[in-house]
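Visitor: Provide a 3D model corresponding to the input given below.
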Amino acid sequence: ECGQYTNKSCEECLKNVTCLWCASSGRCVEYPVRRVLPRADLCELRSARWGVCWVNFEALIIAMSVVGGTILVALGVCCCCCCKKKSKKQVSEGFPVFSEPDKDEERAARERERRRVRQEERRAEMKSRHDEIRRKYGTV
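Guide: This next block holds a predicted model:
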């Protein structure tokens, strides 16, 4: 079916999506579906056109590689930024980065208890000072 467009124009050949235009030989051939790239004996990459006439396979491969590489690098940078932001947030909140949640909860409970005990000690100390001052000046 594609052979009927041989020695005609690229546009006519590529109207059928199953066809591949070889610019160097002017042949219109069936696109080798089982292979991603056409064989060299069928048509060399710089002459092969598929889909549109203004892009050859060589340029298409380079462009797709650049786009794919850029996407992979961008994803890697995003993952690194997110992981660093998460670890900084955990460290700033007082949580170690690689500790278990149960240990964190126990540590927080112990710290709350220490603070409560210190607060009670301060209150008792302040009360005794105030009582001392009241006795000294006879306001008791």
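Visitor: From residue 53, how far out is residue 46?
Guide: Using CB to CB, to the nearest Å, residue 46 is found at 14 Å from residue 53. Quick note: C-beta positions are derived from backbone N, CA and C, even for glycine.
Visitor: can you give me the mean pLDDT across the helix or strand where residue 106 lies?
Guide: Here residue 106 sits within helix 101-137, counting by DSSP states H and E. Across helix 101-137, the average pLDDT comes to 91.
Visitor: Stretch 46-59 now?
Guide: For stretch 46-59, mean pLDDT is 88.
Visitor: Can you point out the buried residues in it?
Guide: If you call a residue buried by 16 or more other CB atoms under 10 Å, then stretch 46-59 has these buried ones: 47-50, 56-57.
Visitor: go on, stretch 133-140?
Guide: Within stretch 133-140, no residue counts as buried by 16+ other CB under 10 Å.
Visitor: Look at the one residue sitting closest to the centre of the chain and give its secondary structure.
Guide: Geometric centre of the chain, nearest residue: residue 75, 3.0 Å, by CA atoms, centre = their mean. Secondary structure, DSSP: H, G, I helix; E, B strand; the rest coil: residue 75 is helix.
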